[in-house]
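# Generate coordinates for the sequence data below:
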Amino acid sequence: MGPLIKNSSEMIVKQIQYEKTQSLNAEAERALELIGRAIRMAGYQHAQSFTKDSKNKSSFSDSIQIQKKVGFKGSDALMVKYQLSNGIDFDCIGNTLSKERTKNHLAQQGFLVDRQTSVPKGVRMNGGSLICQSLDRQGHLQNTTLMNGVNQLFIQELTGLSGKAYKVRLEMTDGVSLNLEHERIFFARNLI
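Have a look, this model is predicted:
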């Protein structure tokens, strides 16, 4: 009976670890997709702006801003700017963007990792929180937590490629035994 109980408990532990891994992988993929979508949108200008206003013809010089080692455990931060399209645009948490939610006619989306704020004192923290930044209706940056369990976020501009490319590395953790790294490369479609 003893070996059977031992095997059952080992299987339960492995099942829990497998489920945590799957959950962290799904969260990381979701985060990378949101960050990648923002990078692809950076610098977007709709065609009507070229004919209406000659000062919009030049590319935005600060459409992608990367701040190194400013977040939780030395994580990087990303801020992108772009014009709204003629269709429906969404921010990183799914809110519909409108002209009221722009600054100087530019939408902004940012990503950073910050310390978890909802952790009670004395409880072990499982990484930081991935924060989404977007503009509210008054044009002020608002922070919204996308997910917890993020250990670090690194963003690196790649050189030597045609177009602007960025390598994004996200480290996820359960705070105990799992530390998973996810890495993707995204190309900015609207920047030269």
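
# rest of the way, CA atoms for contacts and neighbours
Noted.

# just the strands in the protein please.
For the chain, applying DSSP state E gives strands covering 64-67, 77-82, 89-90, 96-97, 107-114, 128-135, 141-158, 164-173, 179-188.

# Make JSON lines from those strands and add distance to residue 25 and mean neighbour count to it.
Output for these, formatted as JSON lines (distance: least, Cα to Cα, whole Å; neighbours: other Cα atoms under 10 Å):
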{"stretch": "strand 64-67", "distance to residue 25": "24", "mean neighbour count": "17"}
{"stretch": "strand 77-82", "distance to residue 25": "21", "mean neighbour count": "23"}
{"stretch": "strand 89-90", "distance to residue 25": "24", "mean neighbour count": "14"}
{"stretch": "strand 96-97", "distance to residue 25": "27", "mean neighbour count": "16"}
{"stretch": "strand 107-114", "distance to residue 25": "17", "mean neighbour count": "25"}
{"stretch": "strand 128-135", "distance to residue 25": "14", "mean neighbour count": "24"}
{"stretch": "strand 141-158", "distance to residue 25": "11", "mean neighbour count": "19"}
{"stretch": "strand 164-173", "distance to residue 25": "8", "mean neighbour count": "20"}
{"stretch": "strand 179-188", "distance to residue 25": "8", "mean neighbour count": "17"}
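
# Residue 40: which of those is closest?
strand 179-188 (4.4 Å; Cα to Cα).

# Quick one: distance of that closest one to the chain centre.
Between the centre of strand 179-188 and the centre of its host chain there is 10 Å, according to Cα atoms, centre = their mean, to the nearest Å.

# and the angle for that strand with strand 141-158?
80 degrees (axes from the mean of the first three to the mean of the last three Cα atoms, to 10 degrees).

# could you dump strand 179-188 to CSV, C-alpha only?
The C-alpha coordinates for strand 179-188 follow below in CSV (Å, rounded to 0.1, in the frame of the first residue of the first chain):
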residue,chain,number,x,y,z
ASN,A,179,11.1,29.8,-14.1
LEU,A,180,10.1,29.9,-17.7
GLU,A,181,11.6,32.1,-20.5
HIS,A,182,9.7,33.1,-23.6
GLU,A,183,11.3,35.0,-26.4
ARG,A,184,9.9,36.4,-29.7
ILE,A,185,11.1,38.9,-32.4
PHE,A,186,8.7,41.5,-33.7
PHE,A,187,9.1,43.9,-36.6
ALA,A,188,7.7,47.4,-36.5
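
# Thanks again, I'm all set now.
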